[in-house]
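>>> structure of the sequence below:
(2 chains)
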2 protein chains.
Amino acid sequence: MQTLKVIKIGGNIIDNQQALDAFIEAFSKIEGPKILVHGGGKLATKLANQMGVEVKMTNGRRITDANTLDIITMVYAGKINKNIVAKLQANRCNAIGFSGADGNAIVSEKRPVKDIDYGFVGDVVKVNTDALEVLLNNKITPVFCAITHDENGQLLNTNADTIASALAIGFAKIYQTELYYCFEKNGVLQDVNDADSVIENINSDNYKTLISDGVIADGMLPKLNNCFHAIENNVYKVCIGKPEMLFNLNNKHTTIQA
Amino acid sequence: MQTLKVIKIGGNIIDNQQALDAFIEAFSKIEGPKILVHGGGKLATKLANQMGVEVKMTNGRRITDANTLDIITMVYAGKINKNIVAKLQANRCNAIGFSGADGNAIVSEKRPVKDIDYGFVGDVVKVNTDALEVLLNNKITPVFCAITHDENGQLLNTNADTIASALAIGFAKIYQTELYYCFEKNGVLQDVNDADSVIENINSDNYKTLISDGVIADGMLPKLNNCFHAIENNVYKVCIGKPEMLFNLNNKHTTIQA
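Residues are numbered from 1 along each chain as shown, chains lettered A, B, ... in the order given. Next up, the predicted model:
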């Protein structure tokens, strides 16, 4: 089985032009089939402020009303996605930008309203690999922004980590898939103040202890949940760390195991 | 040789949600390979106003500075393109949104500065049909916004009529290509005040007379130049009219002939 790498980059790279350029240059050189998933960074909030659209947050999460969905679609699928694709082309990596609507690649359903109405937020229900497979077979790299659709014409804002995990799971039947979450740290840290205290392996046993000890908390919880969801659904390898882990095998990072 | 339809819709459809929905529903039912090219409409100017970015025009043409290019990329490739793709999916037409950077489909070069510096405006130099052909063979419809790239990482604003014409020409070696320019009139009118005075056929002979008589002027000149450029470069059929011409053969329209 051929290996497929699904690589997610977050806001810390998106917001730093120099870091993004360096990443794109290195990413372009990765051999074999690969998919890039990118987050949004701070640009959407900046544009909302420029447009006088109120940014509504609840428990640290963005509420996606119709105006916010427009802004996200413009920034994620427009400005960020197309500029990444153009830079990949400049590095001779043939790429095509995707939302979940393109090629009907990622279908989601609007999150039901319980305590909180998150608005136009979508939870992934299906990945269609057909169109993507055709492109991968032709050495074309899909580049995903964090937007999906409901198959009824509605775009939906969807967490980029979840999109990366859903793609890795969706392709596990065809490829030996590897999922890489790139962020600003060397991995999950035992001591948040010590950049070198990387926990090199997390499995379902020590995961529970790490949560009860408060080592894994806040934003790391959903990220780790996406990791375990992937590992439990036939993704071959899941890693968290700095982008350098992709290019330098000696670079410390966290590997998630079943 | 199989027929490929390249269909361009302009701002009058983009700006009217009801007209756009009706068009997308009808477009979805067109059999055989097809490519949709869309203009931008008034949304980019509206967003520029909201953001306090000055819209600079010279001789009725937009000057594309860096801020304007960002706005255009957000509106054309983001909001408009992704919403069209989502609506095509809702009509069971599998589509993928494209700029010229995606799949390296349309390469342009920044317009040289002579009397006027148009900024980040690109003139088409090459169409790469490879990625698009793979998709068309898999019954997937490419949907183009009016943005190209220079293969060095720079996105460029490019006239949507020119993109449609370049695509039709680029595919003429593989398909019998038909190019349809949809706009708000039934075609080129002999009398601008008489909607029924459609000139049904324009060829290189009567074209010169129509220009010297002032029947074809202003915005119609570059459109007709794109038409003749296509016809002279092996495009099989070029028509101008209301979108209805695509679905109702009795609908009056203008056909361009060599």
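>>> quick one: pLDDT of residue A:157?
With respect to pLDDT, residue A:157 scores 97.
>>> how about residue A:258?
83.
>>> for chain B, what is the nearest residue in chain A?
In chain A, the residue that lies nearest chain B is residue A:78 (2.5 Å; C-beta to the nearest C-beta). Glycine gets a C-beta too; all of them are placed from N, C-alpha and C.
>>> what's near enough to touch that residue?
Applying C-beta atoms under 8 Å, 6 or more residues apart in numbering or on different chains to residue A:78 gives the contacts B:73, B:74, B:75, B:76, B:77, B:78, B:79, B:81.
>>> so can I have TSV of the residues you listed showing distance to residue A:92 and secondary structure?
Conversion of those to TSV gives the following (distance: C-beta to C-beta, whole Å; DSSP: H, G, I helix; E, B strand; the rest coil):
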residue	distance to residue A:92	secondary structure
B:73	22	helix
B:74	26	helix
B:75	29	helix
B:76	25	helix
B:77	22	helix
B:78	25	helix
B:79	30	helix
B:81	25	helix
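>>> what about the strands in the stretch 101-250 of chain A?
Along the stretch 101-250 of chain A, counting by DSSP state E, counting those that start in this stretch, strands occupy A:106-110, A:122-127, A:141-144, A:147-149, A:155-157, A:176-182, A:201-202, A:237-241.
>>> and the shortest one, what does it pack onto?
Counting contacts by 3 or more C-beta pairs under 8 Å, 6 or more residues apart in numbering or on different chains; DSSP states H and E, strand A:201-202 packs against strand A:254-256.
>>> over to the third one?
Secondary-structure packing of strand A:141-144 (3+ C-beta pairs under 8 Å, 6+ apart): strand A:34-38, helix A:81-90, strand A:95-98, helix A:130-137, helix A:160-171.
>>> which of the ones you listed is buried the deepest?
When you average the neighbours per residue for each of the helices and strands packed on strand A:141-144 (mean count of other C-beta atoms under 10 Å in any protein chain shown), strand A:95-98 leads with a mean of 30.
>>> closest to residue B:183 among the contacts of residue A:78?
For the contacts of residue A:78, the residue nearest residue B:183 by C-beta to C-beta is residue B:76; the value is 17.6 Å.
>>> now residue A:5, what's its secondary structure?
strand (DSSP: H, G, I helix; E, B strand; the rest coil).
>>> that one: what's it in contact with?
Counting by C-beta under 8 Å, 6+ apart, the residues that residue A:5 touches are A:30, A:32, A:33, A:34, A:35, A:177, A:178, A:180, A:246.
>>> what subset of those is buried?
In the contacts of residue A:5, burial by neighbour count holds for A:33, A:34, A:35, A:177, A:178, A:180, A:246, counting by 16 or more other C-beta atoms under 10 Å in any protein chain shown.
>>> and residue A:167, how far from residue A:81?
Per C-beta to C-beta, to the nearest Å, residue A:167 is found 15 Å from residue A:81.
>>> now stretch A:205-217, how far from the centre of its chain.
Computed by C-alpha atoms, centre = their mean, to the nearest Å, the chain-centroid distance of stretch A:205-217 equals 23 Å.
>>> who touches it?
By C-beta under 8 Å, 6+ apart, stretch A:205-217 touches A:188, A:189, A:190, A:199, A:202, A:221, A:224, A:228.
>>> quick check: pLDDT value at the first one.
Looking at residue A:188, its pLDDT is 95.
>>> try the fifth one
Turning to residue A:202, the model gives it a pLDDT of 97.
>>> ok, back up a step: a markdown table for the contacts of residue A:5, including distance to chain B and pLDDT?
Below are those laid out as a markdown table (distance: C-beta to the nearest C-beta, whole Å; pLDDT from 0 to 100):
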| residue | distance to chain B | pLDDT |
| --- | --- | --- |
| A:30 | 18 | 97 |
| A:32 | 18 | 97 |
| A:33 | 15 | 98 |
| A:34 | 16 | 98 |
| A:35 | 14 | 98 |
| A:177 | 22 | 98 |
| A:178 | 25 | 98 |
| A:180 | 23 | 98 |
| A:246 | 21 | 95 |
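>>> which residues of the stretch 1-150 of chain A lie near chain B?
With C-beta under 8 Å from any C-beta of the partner chain as the criterion, the stretch 1-150 of chain A meets chain B at residues A:47, A:50-52, A:70, A:73-79, A:81-83, A:85-87, A:89-90, A:94-99, A:101-104, A:130-131, A:134-135, A:138, A:140, A:147, A:149.
>>> 7 Å instead, please
A:50-51, A:70, A:73-75, A:77-79, A:82-83, A:85-87, A:89-90, A:94, A:96-97, A:99, A:101-104, A:131, A:134, A:138, A:140, A:147, A:149 (C-beta under 7 Å from any C-beta of the partner chain).
>>> one step back: how about the residue of chain A closest to chain B: what's its closest non-neighbour residue?
Distances taken as C-beta to C-beta, 6 or more residues apart in numbering or on different chains put residue B:78 closest to residue A:78, at 2.5 Å, once the chain neighbours are dropped.
>>> same check on residue A:3?
Per C-beta to C-beta, 6+ apart, closest to residue A:3 is residue A:176, 4.9 Å.
>>> how near is the one you found to residue A:141?
Taken as C-beta to C-beta, the span from residue A:176 to residue A:141 is 18 Å.
>>> what of residue A:255?
For residue A:255, the distance to residue A:141 - C-beta to C-beta - is 24 Å.
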